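Chemist: could you look at this predicted model? Sequence included:
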Amino acid sequence: MSGLRTLGEFVVEKQADFPHASGDLSSLLASIRLAAKIVNREINKAGLVDITGAVGTENVQGEAQQKLDLYANEKFKAALEARDQVCGVASEEEDETVSFDRDKNQHAKYVVLMDPLDGSSNIDVNVSVGTIFSIYRRVSPVGTPPTLEDFLQPGHKQVAAGYVIYGSSTMLVYTTGAGVNGFTYDPSLGTFCLSHENMMIPDVGKIYSINEGNYIRFPKGVKKYIKYCQENVPEDGRPYTSRYIGSLVSDFHRNLLKGGIYMYPSTQSHPDGKLRLLYECNPMAFLAEQAGGTASDGKRRIMDIDPKELHERVPFFCGSKEMVAKVEQFIAENPED
Ligand code: AHG
Ligand code: MN
Ligand code: MN
């Protein structure tokens, strides 16, 4: 704990360190904070009211939409539109980009890309889920509607990114490129308070997180890395451990605190992996790098990839830097036929 500071105060205090400081980003983060509180409230009563389960529709990627996916999507959009810093959003739950048409929005500098509810299939079983967000400056002229180009920027252009984890406690973790800080929600105050200042991921960890049910379909290098983790014992004598929640935010959060690697490689059914470059991988990559870790598609730095389409997927290896380097080495040594 580092004194008692709220997220709002912290953002304003850090604004001066931010290269484009104008207060706009602070206001944008206030929208995210508000929507996070609203979604948190809804998630907390998930077992009590009729908000769990699927809606019966699919998103553009063919995945069943949950009621809370759509709820979170609407709340984040509404909060972002209500202020004047964002001209449009792209969301995992929307087929196309959404342009806000108020004149004030079109004069806004930023676009937001988001996974409004990550790990949503876990909601029904009371397991932690999250929201992931990624913020860019638009490249199209201010005063006009946003264009696809504004959203298809490589991850290294992000000005801020973060996630909210709705877990045993709710936290908001974000970066603006000057380290990673985490804030825990105090429901009695209705406020996020700084609880994890300057978060750093250990260079080596013991946790590997992967859906091993897909083992047979993984590339050879990934299979070998998994065997490496199972057969080797790190220096302090305690073996590697496998942990997989199935909600990226939760798996990433645990590994960030404890050290570890999250992997979602290509499989036969998902040749480009399952995770989305723009809504999931880039923001997590930005956070990982800012915390001293790395993120790769197995060969390339995630944040150097030039996105070609909105819902693009990519294999994802992210976390402690020595662990990511090791799996990259196995992949390089075992090219696919
Ligand atoms: P979403 O709920 O936003 O569709 O994301 C689910 C993602 C990610 O959170 C998780 O790590 C991964 O899918 C789990 O996939 P598998 O069930 O295939 O392991
Ligand atoms: Mn997701
Ligand atoms: Mn989602």
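Modeler: Yep, that arrived. As the structure is a computational prediction, the values presented were derived from the model and not from experiment. Ligands and ions are numbered 1, 2, ... in the order given.

Chemist: how about the residues of the stretch 51-200 of the chain near ligand 2?
Modeler: Contact residues, the stretch 51-200 of the chain versus ligand 2 (C-beta under 5 Å from the ion): 115, 118. (Glycine included, C-beta is placed from N, CA and C.)

Chemist: ok, Ser65 to Asp95 distance?
Modeler: In this structure residue 65 is Gln, not Ser. Separation of Gln65 from Asp95 (C-beta to C-beta, to the nearest Å): 12 Å.

Chemist: mutual contacts of the two, please.
Modeler: Shared contacts of Gln65 and Asp95 (C-beta atoms under 8 Å, 6 or more residues apart in numbering): Asn59.

Chemist: quick one, which of those two is more surrounded?
Modeler: Gln65 (18 against 11; other C-beta atoms under 10 Å).

Chemist: can you tell me the SS state at that one?
Modeler: Here Gln65 is recorded as strand under DSSP: H, G, I helix; E, B strand; the rest coil.

Chemist: tell me the domain ranges of this structure?
Modeler: 7-196, 207-333 (automatic domain parsing).

Chemist: could I get the average pLDDT for the longest one?
Modeler: This means domain 7-196. Summarised as a single mean, pLDDT over domain 7-196 is 91.

Chemist: how long is that domain end to end?
Modeler: 11 Å (C-alpha to C-alpha, to the nearest Å).

Chemist: distance from that domain to the middle of the chain?
Modeler: 10 Å (C-alpha atoms, centre = their mean, to the nearest Å).

Chemist: top helix in this structure by residue count?
Modeler: helix 24-44 (DSSP state H).

Chemist: which secondary structure elements does that one contact?
Modeler: Counting contacts by 3 or more C-beta pairs under 8 Å, 6 or more residues apart in numbering; DSSP states H and E, helix 24-44 packs against helix 7-14, helix 67-82, strand 110-118, strand 129-137, strand 160-166, strand 170-175, strand 180-186.

Chemist: list the contacts of Met331.
Modeler: Careful, residue 331 is Ile and not Met. Listed by C-beta under 8 Å, 6+ apart, the contact set of Ile331 reads 219, 221-222, 225, 298-299.
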